[in-house]
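> return a 3D structure for these sequence lines:
(chains A and B)
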Amino acid sequence: DTAVSQTPKYLVTQMGNDKSIKCEQNLGHDTMYWYKQDSKKFLKIMFSYNNKELIINETVPNRFSPKSPDKAHLNLHINSLELGDSAVYFCASSVGLAGGYEQYFGPGTRLTVT
Amino acid sequence: DAKTTQPTSMDCAEGRAANLPCNHSTISGNEYVYWYRQIHSQGPQYIIHGLKNNETNEMASLIITEDRKSSTLILPHATLRDTAVYYCIVRVAHNNAGNMLTFGGGTRLMVKP
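Below you'll find the predicted structure:
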């Protein structure tokens, strides 16, 4: 069974569109995250979400918004897509919010904006 | 979180031990050392973490120097499947400010036949 899953695996869209990436974890974890890996392969945290508490990396544009329908899901909505949004987006989860818990990552969603 | 320094790349022969160093000279007393790796086209994978003592699990061993300013991740018998980018991350364990990981450039380990 896949612990952290993401859909779609690939997403190609045009500038200006609005898109969503879905993430689900079946580990019973309380905390979920979104990371972005750009073309230079640097992984950067975007959000941490725990029990309706959202912690945002201040560098993330407000066009990006996470939405959690329940504890097992954290979807990423992106409005008015730009070329620079092209990247691989990883969802992750951990037992809790405290820094001692390891994170489990999904397989990633490769977003290409044309 | 303390900054870490890792070599950009390393090679290792298959079946030999891979020793990946990490410098974290500004580490604080309450900061742990974590190791993750990312195999090509996959999500990062947790390997191991430690505070002061050396740690071992089914994947690897972590050796932390007595002054805690550096550490070494050891893969005892590297296989081709261990080819990946290895990230050393230092962060506070009991920090409720989001548990957000900060990844550096990592070390690209190439295991060769």
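
> how about stretch A:88-104: buried residues?
By 16 or more other Cβ atoms under 10 Å in any protein chain shown, the buried positions in stretch A:88-104 come out as A:88-95, A:97-104. (C-beta placed from N, C-alpha, C; glycine too.)

> how about stretch A:2-13?
Buried residues in stretch A:2-13 (16+ other Cβ under 10 Å): A:4, A:6, A:11, A:13.

> what's that stretch in contact with?
Outside of stretch A:2-13, the residues within contact range by Cβ atoms under 8 Å, 6 or more residues apart in numbering or on different chains are A:19, A:21-27, A:81, A:89-93, A:104-114, B:43.

> least confident pick among the buried residues of stretch A:88-104?
Lowest in pLDDT among the buried residues of stretch A:88-104 is residue A:99, which has 62.

> closest point of chain B to chain A, which residue?
In chain B, the residue that lies nearest chain A is residue B:43 (3.2 Å; Cβ to the nearest Cβ).

> ok, that residue touching residue A:92?
Yes - applying Cβ atoms under 8 Å, one finds residue B:43 in contact with residue A:92, separated by 7.4 Å.

> quickly list what's touching both of these two.
Contacts common to residue B:43 and residue A:92, judged by Cβ under 8 Å, 6+ apart, are A:4, A:105, A:106.

> for those residues, which one is nearest residue B:68?
residue A:105 (26.8 Å; Cβ to Cβ).

> the closest one: neighbouring residues, count only.
By the other Cβ atoms under 10 Å in any protein chain shown criterion, the neighbourhood of residue A:105 contains 23 residues.

> picking up where we left off before, among the buried residues of stretch A:88-104, which are located in strands?
A:88, A:89, A:90, A:91, A:92, A:93, A:94, A:104 (DSSP state E).

> max pairwise distance over those residues: which two?
A:88 and A:94 (19.8 Å).

> now find how far off-centre the helix or strand of chain A with the lowest mean pLDDT is within its chain.
When the helices and strands of chain A are compared on mean pLDDT, DSSP states H and E, strand A:53-56 comes out lowest with a mean of 79. Distance, stretch centre to chain centre, for strand A:53-56: 13 Å (Cα atoms, centre = their mean, to the nearest Å).

> hmm, it in reach of chain B?
Yes - under the criterion of Cβ under 8 Å from any Cβ of the partner chain, chain B is reached by strand A:53-56 at residue A:55.

> adjacent strands (with direction) for that strand?
In the sheet, strand A:53-56 lines up against strand A:43-50 (antiparallel) (DSSP bridges).

> ok, the closest residue to chain B within chain A to residue A:21 distance?
Going by Cβ to the nearest Cβ, chain B is nearest to residue A:105 of chain A, at 3.2 Å. Residue A:105 sits 14 Å away from residue A:21, going by Cβ to Cβ, to the nearest Å.

> can I get the ones in strands among the buried residues of stretch A:88-104 in a markdown table with distance to residue B:60?
As requested, these are exported to a markdown table (distance: Cβ to Cβ, whole Å):
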| residue | distance to residue B:60 |
| --- | --- |
| A:88 | 25 |
| A:89 | 27 |
| A:90 | 22 |
| A:91 | 25 |
| A:92 | 20 |
| A:93 | 22 |
| A:94 | 20 |
| A:104 | 17 |
